[in-house]
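> here's my sequence, what's the structure:
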Amino acid sequence: MATDTSSIETRGKAMKSKSYNDISDELGIVHAKIVKTLGDGVWQLFTMMPYYFFVANSGGNAVLNQFSFAKPRMFCPNSTTDFCDANSSSCNNPIYGKSELLKNTAVEFFNLGCNAGDYIQFEKSVYIFGLLLGSIFGGRAVDLAGRRTAAIVSSTLELLLITSMIFVPNIWYFYFCRVIVGFASMISYMTGTSVACEISKPRSRIFWSMTKAVVYPMGVSYQALLSYLFVDWRYLGVAMQYSLSLPCLLLLIFFGHESPQWCLNNRKIADYKKCINFACRLNRKLHNNDINEYLAEIESLAGENVKTEQESGCNVVTWSVDKIKGFAKIFKLFSNVTIAIRTLIYSYLFITVVAVYYTYLFGIKDLVDLPIREYYCLTAVFDVPGVVIGGICLEVFGRKYVETVCFLVAGAFLLMSLVLPSFAIYSSSISRSFVNVGFSSLYPWMTESYPTLYRSSALGLCSMFGRIAGLITPYLKNIKMFGDNFMSILFFGALMISAVSCLCLPETKGKRMPSTLNEATNIFKSEKAKTTAA
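Numbers count the residues shown, from 1 in each chain. Model (predicted):
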């Protein structure tokens with residue numbers, strides 16, 4: 001490559017008449033060249049390692065209540081029945097026996113009595129409510145504060161709250177802690193998704209994103225394994241946090257760097273160069289002439305005085321942090337018709353996958369005839385192969401069609417559970433695995449569809465609708481009053497609509513991550529133009 005200083009200066013002068021969005025597009029092109037030249041190596045693995053463990057920790061937190069609120073055997077001394085049931089709900093001081101999972105549970109600790117089932121159901125909704133808050137406010141916070149800062153704050157908050165639960169005075173403080181933990185877990189998950197896509201080239205983007213998705217069910221299985229060692233519910237969550245989150249939190253604080261693409265789009269050129277130089281050292285590209293020339297070109301472009309939105313006659317939203325203040329500005333996503341329709345479709349997809357996934361994850365004891373600890377230990381066995389195969393298919397066949405097939409197959413196996421009830425346990429598990437692949441694929445697909453400074457915000461907004469659906473999943477078993485198969489039929493219809501909806505979204509395989517709203521809008525247009533030319 002031959003790019004001298006004079007050509008860079010000439011190009012910089014020519015750019016003076018262009019808008020902020022035009023400059024951002026140019027910077028995005030140069031950054032894509034840098035990432036491609038860096039290749040895949042130690043830098044990506046080192047950067048993603050803390051986020052992998054944060055995501056695994058989120059998986060463990062999602063099912064922590066299944067162990068900490070495991071109902072022990074309860075004997076009511078003043079009742080004619082041996083154990084708590086519908087006829088002895090007034091027995092508020094039962095004699096507690098041993099739980100099938102833990103020696104000491106929250107049911108006994110808080111003396112929930114025969115009404116423990118109501119508290120347990122409410123606890124599930126409380127945690128998902130925390131995820132909902134994380135979706136609403138967390139995504140915008142990640143875009144404003146930065147990926148690294150958001151991950152450090154959320155993980156520290158999570159660590160402190162889980163530790164304080166050892167000394168929890170009552171169940172309402174416990175509920176408060178679970179809300180904050182859910183909030184922090186959602187931020188960690190979204191941050192990891194954005195970083196995975198921003199540090200990798202198009203061909204390896206799915207690998208780093210789906211690797212993050214693989215560790216989530218592994219975190220669920222790890223939490224189940226820890227329940228064999230820690231029989232007190234108060235120390236079970238602490239063991240998860242201190243064995244996974246704490247080491248990676250320290251690694252991120254002392255050695256971690258911000259996402260270079262976030263630094264670039266926020267015009268933090270000094271931080272951007274620091275990130276790239278660190279990446280060059282780890283990937284052994286320190287004296288690469290191409291990268292040095294690209295960095296010089298970025299400095300030249302970023303240093304130009306750019307026309308404002310009004311001066312350039314540009315009608316699209318300028319995605320500058322200086323011009324976008326406050327969390328309410330996230331709804332400017334709907335100022336563009338193409339982006340608004342895309343956001344609504346992604347939101348519906350999140351509603352479907354969250355409702356199906358969490359119904360089968362939390363209500364598994366009512367759906368399969370398998371001890372709950374053993375089932376969660378085998379979660380990784382059920383989910384990891386599907387995610388790995390799904391990731392390979394996403395890279396080979398593209399996002400749109402693989403996502404469509406996942407929803408179709410998941411719906412087909414749900415239908416099979418209705419036709420062949422004797423195989424319901426297997427068909428339900430396979431259906432959940434395909435939904436999990438679709439769930440995991442949605443995150444990288446979405447991050448490739450939105451501009452950098454609104455990437456996590458859009459992810460959080462769409463995820464918010466899914467979390468609203470998640471709030472009601474603990475109560476979905478009550479719809480059996482309409483028939484034992486009503487829930488499966490409902491999910492089958494929702495999955496079929498999702499499959500058709502996927503065909504209306506743009507294919508992002510092999511495309512550069514958009515830096516501005518213009519680029520995000522034109523993904524679909526360039527795809528149609530390419531199809532027409534062919």
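> which residues are contacting the helix or strand in which residue 124 is found?
Element membership for residue 124 (DSSP states H and E) is helix 116-133. Around helix 116-133, the neighbours that count as contacts under C-beta atoms under 8 Å, 6 or more residues apart in numbering are 61-62, 65, 69, 71, 74, 84, 107, 110, 112, 171, 174-175, 178-186, 358, 362, 464, 467-468, 470-475. From N, CA and C alone the C-beta is placed, and that goes for glycine too.
> who touches residue 110 in this structure?
119, 170, 171, 174.
> give me the mean pLDDT for the helix or strand hosting residue 176.
Assigned by DSSP H and E, residue 176 belongs to helix 171-198. Taken as a whole, helix 171-198 has a mean pLDDT of 87.
> do the same with stretch 209-216
80.
> check stretch 514-527 too.
Stretch 514-527 comes out at a mean pLDDT of 69.
> again with stretch 279-292
84.
> same deal with stretch 232-244?
86.
> hang on, the earlier thing: so for the helix holding residue 124, what gets flagged as buried?
116, 119-121, 123-133 (16 or more other C-beta atoms under 10 Å).
> could you pull up the mean pLDDT of it?
80.
> for the buried residues of helix 116-133, which one is nearest residue 397?
Nearest to residue 397 out of the buried residues of helix 116-133 is residue 131 (C-beta to C-beta; 30.5 Å).
> next one: that closest one from residue 467, what distance?
5 Å (C-beta to C-beta, to the nearest Å).
> common neighbours of these two, please.
residue 186.
> what's the first helix or strand after the strand or helix carrying residue 467?
Per DSSP H and E, residue 467 falls inside helix 455-472. Next helix or strand after helix 455-472 toward the C-terminus (DSSP H and E): helix 486-502.
> those strands in the stretch 301-450 of the chain, which residues are they?
Read by DSSP state E, counting those that start in this stretch, the stretch 301-450 of the chain holds no strands at all.
> so what does residue 267 look like in phi/psi?
Backbone torsions for residue 267, taken as degrees, to the nearest 10, come to phi 60, psi 30.
> that one reaches residue 301, doesn't it?
No. Using C-beta atoms under 8 Å, residue 267 makes no contact with residue 301, being 10.2 Å away.
> which one's more surrounded, those two?
residue 301 (23 against 16; other C-beta atoms under 10 Å).
> my read: that one touches residue 25, true?
No. Using C-beta under 8 Å, residue 301 makes no contact with residue 25, being 10.2 Å away.
> now for the helix or strand encompassing residue 158, which elements pack on it?
Element membership for residue 158 (DSSP H and E) is helix 147-164. Counting contacts by 3 or more C-beta pairs under 8 Å, 6 or more residues apart in numbering; DSSP states H and E, helix 147-164 is packed against helix 42-62, helix 139-145, helix 171-198, helix 233-240, helix 246-255.
> what's the first helix or strand after the longest one?
The helix or strand immediately downstream of helix 171-198 is helix 205-229, counting by DSSP H and E.
> in this structure, which segments are predicted with low confidence?
Scanning the chain for pLDDT under 70 picks out 1-22, 71-102, 303-333, 360-371, 379, 382, 422-425, 474-484, 523-534.
> and for the nearest residue to residue 390 once chain neighbours are set aside, the neighbour number?
Sequence neighbours aside, residue 437 is the residue nearest to residue 390 in space, at 3.6 Å (criterion: C-beta to C-beta, 6 or more residues apart in numbering). Neighbourhood size, residue 437 [other C-beta under 10 Å]: 30.
> pretty sure residue 437 contacts residue 386?
Yes. With contact defined as C-beta under 8 Å, residue 437 counts as touching residue 386 (5.0 Å).
> show me what contacts residue 271?
Residue 271 touches 258, 263, counting by C-beta under 8 Å, 6+ apart.
> so it is in which element?
With DSSP H and E as criterion, residue 271 is part of helix 269-282.
> helices along the stretch 301-450 of the chain, start to end?
337-362, 364-367, 372-377, 379-397, 399-419, 424-447 (DSSP state H, counting those that start in this stretch).
> ok, which of those comes nearest residue 194?
helix 424-447 (5.8 Å).
> keeping just the C-alphas, turn the closest one into PDB.
Below are the C-alpha coordinates for helix 424-447, written out as PDB (Å, rounded to 0.1, in the frame of the first residue of the first chain):
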ATOM      1  CA  ALA A 424     -42.700 -34.300  24.700                       C
ATOM      2  CA  ILE A 425     -39.600 -34.100  26.900                       C
ATOM      3  CA  TYR A 426     -37.300 -34.600  23.900                       C
ATOM      4  CA  SER A 427     -39.200 -32.400  21.400                       C
ATOM      5  CA  SER A 428     -39.600 -29.600  24.000                       C
ATOM      6  CA  SER A 429     -35.900 -29.600  24.800                       C
ATOM      7  CA  ILE A 430     -34.900 -29.600  21.100                       C
ATOM      8  CA  SER A 431     -37.400 -26.800  20.400                       C
ATOM      9  CA  ARG A 432     -35.900 -24.800  23.300                       C
ATOM     10  CA  SER A 433     -32.400 -25.400  21.900                       C
ATOM     11  CA  PHE A 434     -33.400 -24.000  18.500                       C
ATOM     12  CA  VAL A 435     -35.100 -21.000  20.200                       C
ATOM     13  CA  ASN A 436     -31.800 -20.500  22.100                       C
ATOM     14  CA  VAL A 437     -29.900 -20.400  18.800                       C
ATOM     15  CA  GLY A 438     -32.400 -17.800  17.500                       C
ATOM     16  CA  PHE A 439     -32.100 -15.900  20.700                       C
ATOM     17  CA  SER A 440     -28.300 -15.900  20.600                       C
ATOM     18  CA  SER A 441     -28.300 -14.900  16.900                       C
ATOM     19  CA  LEU A 442     -30.500 -11.900  17.400                       C
ATOM     20  CA  TYR A 443     -27.900 -10.000  19.400                       C
ATOM     21  CA  PRO A 444     -25.100 -10.000  16.800                       C
ATOM     22  CA  TRP A 445     -27.600  -9.500  14.000                       C
ATOM     23  CA  MET A 446     -29.000  -6.400  15.700                       C
ATOM     24  CA  THR A 447     -25.600  -5.000  16.500                       C
END
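> give me the distance from it to the chain's centre.
Offset of helix 424-447 from its chain centre (C-alpha atoms, centre = their mean, to the nearest Å): 13 Å.
> and that helix, what does it pack against?
By 3+ C-beta pairs under 8 Å, 6+ apart, helix 424-447 packs against helix 171-198, helix 205-229, helix 337-362, helix 364-367, helix 379-397, helix 399-419, helix 455-472.
> for the longest one, the distance to its chain's centre please.
Relative to the mean C-alpha coordinate of its chain, helix 171-198 is positioned 9 Å out (C-alpha atoms, centre = their mean).
> with the second one instead?
In this view, helix 205-229 has its centroid 13 Å away from the chain centroid, taken as C-alpha atoms, centre = their mean.
> in that helix, what's buried?
205-224, 226-227.
> try the fifth one
For helix 379-397, the neighbour count (16+ other C-beta under 10 Å) marks 379, 380, 382, 383, 384, 386, 387, 390, 391, 393, 394, 395 as buried.
> still on that earlier bit, among the contacts of helix 116-133, which ones are buried?
Counted by 16+ other C-beta under 10 Å, the contacts of helix 116-133 give 61-62, 65, 69, 71, 74, 84, 107, 110, 112, 171, 174-175, 178-186, 358, 362, 464, 467-468, 470-471, 473-474 as buried.
> hmm, residue 404 and residue 393 touching each other?
No. Residue 393 is beyond contact range of residue 404, at 11.4 Å (criterion: C-beta under 8 Å).
> list the contacts of residue 408.
495, 496, 499.
> the closest residue to the first one other than its chain neighbours and residue 466: what is the separation?
Spelled out, it's residue 495. Once flanking residues are discounted, residue 495 sits nearest to residue 411: 3.7 Å by C-beta to C-beta, 6+ apart. Distance of residue 411 to residue 466, given as C-beta to C-beta: 18 Å.
> before we move on, what about residue 158?
21 Å.
> ditto for residue 428
Taken as C-beta to C-beta, the span from residue 428 to residue 466 is 20 Å.
> compare these two (neighbour count), which wins?
Of the pair residue 428 and residue 466, residue 466 is the one with more neighbours under other C-beta under 10 Å, namely 26 against 19.
> how about the more buried one, nearest residue that isn't a chain neighbour?
Residue 466's closest residue in space is residue 350 (C-beta to C-beta, 6+ apart), at 3.2 Å.
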